[in-house]
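Q: please work out how this folds:
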Amino acid sequence: MLVAHPGGPFFANKDEGWWSIPKGEPEQEEEIFDAALREFEEETGLKPKGPYLELGNILQKNGKRVYAWAFEGAWPEGKIPECNEITMEFPKGSGKSWTFPEIDRALMLPPAQARAKLRKEQTPFIDRLLERLERNSMASKG
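A: Residues are numbered from 1 along each chain as shown. Sure thing, here's the model as predicted:
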C-alpha cells in the first residue's frame with residue numbers, strides 16, 4: 001500500500017500515525033473519482049492506471065470525508081514525490097511564510113507497516129483493500 005508523509009516543518013519529526021494516502025479536494029463541478037486521479041498524480045508525479053478497486057470513504061476527525069480507490073502499481077525505492085508545493089505561515093502568528101512540498105516522502109509498504117504509518121482514521125482502507133482482494137481471489141478460483 002502506498003502511503004505519503006506530509007511535507008513541511010510541522011510534520012518533519014512526526015512519523016507513525018501521521019502518514020496518509022495521497023488525496024485532495026475536488027475542484028468545483030469535478031467528480032470525486034476524477035479528483036482522486038488528478039490529486040494522486042499531482043501529489044506523486046505518477047499517473048494512476050486501472051483497473052481500480054473502490055474502497056469507499058471514511059470521515060476523519062477534522063471533518064474531512066476521504067474517498068479511496070486502489071490500483072496495482074509500484075513505487076520506485078528512494079523516489080522522492082514530484083508534487084505541488086504549498087505556502088503557509090510557520091510558526092502560526094510569526095509572519096514567516098514557508099513553501100514546501102505537499103508530501104515529502106512516499107513508501108510502498110506491506111499492510112501491517114502501512115497500518116502503523118497511516119492516520120488511524122484511514123486504516124479501514126487497508127482492511128477494505130485486503131477484503132476485496134481476497135474476495136476477487138476466491139471468485140477467480142470459482
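Q: how about residue 42: what's its closest non-neighbour residue?
A: In space, not counting the residues next to it along the chain, residue 42 is nearest to residue 84; the distance is 5.3 Å by CB to CB, 6 or more residues apart in numbering. Any C-beta I mention is one placed from the backbone N, CA and C, and that applies to glycine too.
Q: where does that neighbour land on pLDDT?
A: If you check residue 84, the pLDDT there is 85.
Q: with residue 16 instead?
A: The predicted structure scores residue 16 at 96 on the pLDDT scale.
Q: need the contact list for it.
A: The neighbourhood of residue 16, defined by CB atoms under 8 Å, 6 or more residues apart in numbering, consists of 116-117.
Q: same deal with residue 51?
A: Counting by CB under 8 Å, 6+ apart, the residues that residue 51 touches are residue 71.
Q: cool, and residue 24?
A: For residue 24, the contacting residues are 35, 38-39, 42-43, taking CB under 8 Å, 6+ apart as the criterion.
Q: low-confidence ranges in the chain?
A: Low-confidence segments of the chain (pLDDT under 70): 142.
Q: again, only this time at 50
A: Applying pLDDT under 50 to the chain flags no residue at all.
Q: number of residues surrounding the residue nearest to residue 42?
A: Neighbour count of residue 84, defined by other CB atoms under 10 Å: 13.
Q: again, but for the one 3 residues further on
A: Neighbour count of residue 87, defined by other CB under 10 Å: 10.
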